[in-house]
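[1] Need a 3D model of the following:
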Amino acid sequence: MDDFEFRLNSGENVTEYIKHPALYKHKELLQDFASERIFCIYYSPNNEFYIEECCDEWFGKVLNKKQCLELSEMFKEMADYIE
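    Residues are numbered from 1 along each chain as shown. From the prediction side, this is the model:
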């Protein structure tokens with residue numbers, strides 16, 4: 001992996017939590033959402049994918065496989081409506 005640093009709006013370096021290949025591949029997209037304080041998706045030390053709001057990092061949820069697949073399907077369907 002390159003020298004990319006994933007930083008929250010607070011400046012905290014959380015690069016270690018996106019080092020999973022499924023996340024790191026989309027690091028610029030994730031950084032864009034995090035810098036706008038919307039959400040982050042991490043890979044936790046417990047080997048779980050975790051989504052967290054980035055305004056004050058108060059709310060979050062561990063994602064299961066079904067939820068990951070459903071979110072993927074939803075975003076694909078959303079994209080079909082964008083010209």
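
[2] what ranges do the helices span in the chain?
    Using DSSP state H, the helices found in the chain span residues 21-24, 27-35, 65-80.

[3] Among the ones you listed, which comes closest to Glu57?
    For those, proximity to Glu57 was assessed by Cβ to Cβ; helix 27-35 is nearest, at 10.3 Å. Using the backbone N, CA and C atoms, a C-beta is placed for each residue, glycine as well.

[4] looking at the helices of the chain, which is buried most?
    helix 27-35 (a mean of 15; mean count of other Cβ atoms under 10 Å).

[5] And that helix, what does it pack against?
    strand 39-43 (3 or more Cβ pairs under 8 Å, 6 or more residues apart in numbering; DSSP states H and E).

[6] Excluding residues flanking it in the chain, which one is nearest Ala71?
    To be clear, residue 71 is Leu; Ala isn't right here. Distances taken as Cβ to Cβ, 6 or more residues apart in numbering put Leu63 closest to Leu71, at 7.6 Å, once the chain neighbours are dropped.

[7] what residue is smack in the middle of this structure?
    Ile41 (2.3 Å; Cα atoms, centre = their mean).

[8] hey, what's it bridged with?
    Legend: beta-bridge partners of Ile41 under DSSP bridges are Ile51.

[9] That one against Cys54, yeah?
    No. In terms of Cβ atoms under 8 Å, Ile41 does not count as a neighbour of Cys54; the distance is 10.3 Å.

[10] which intervals of the protein have sub-threshold pLDDT?
    1 (pLDDT under 70).

[11] ok, now with 90
    1-4, 6-12, 14, 35-38, 44-47, 54-59, 78, 81-83 (pLDDT under 90).

[12] beta partners for Val62?
    Beta-bridge partners, per DSSP bridges, of Val62: Tyr50.

[13] Isn't it up against Phe49?
    Yes. Contact criterion Cβ under 8 Å: Val62 and Phe49 qualify, at 7.2 Å.
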